[in-house]
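Colleague: how would this look folded up:
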Amino acid sequence: MPLLTERLGVDSVANVRISVAKVVSWVVDGSYYGDQAVSPRIQELQAALQQDPDRDVRAYSGGPAELPKPKNSKKKNATKHKKATRTVTVFHQNPKNCEMEVM
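Modeller: Next up is the predicted model:
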């Protein structure tokens, strides 16, 4: 079980963690141990897999399909900043009298 809890449970490949989640759920939820208590390390691994960033890993470990979204820390009455506007002056030369006009 140390390989399962220390290495495969935190593997970078989601499919490996899915397989670990299936085994851990089977051990914890099933009658693998009978009346004996499940190891705290296995229970901790299941709790960690239930909070995994990958949705499928969470689902196979018995966790929520979607993690709760973080609360927005912005205030409701916060003022929105206006975009700065830039004034551009364009000079146009009048070919008739050779004067510059500002548009």
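
Colleague: Contacts only, for the closest residue to residue 22 other than its chain neighbours.
Modeller: In space, and not counting its chain neighbours, residue 22 is closest to residue 60: 5.4 Å by Cβ to Cβ, 6 or more residues apart in numbering. Glycine gets a C-beta too; all of them are placed from N, C-alpha and C. The neighbourhood of residue 60, defined by Cβ atoms under 8 Å, 6 or more residues apart in numbering, consists of 18, 21-22, 25, 49.

Colleague: where's residue 60 relative to residue 46, distance?
Modeller: Noted for residue 60: a distance of 10 Å to residue 46, by Cβ to Cβ, to the nearest Å.

Colleague: what touches both of those two?
Modeller: 21, 25.

Colleague: got a list of what the nearest residue to residue 44 once chain neighbours are set aside touches?
Modeller: In this structure, residue 44 finds its nearest non-sequential neighbour in residue 5, 7.8 Å apart by Cβ to Cβ, 6+ apart. By Cβ under 8 Å, 6+ apart, residue 5 lies in contact with 41-42, 44-45.
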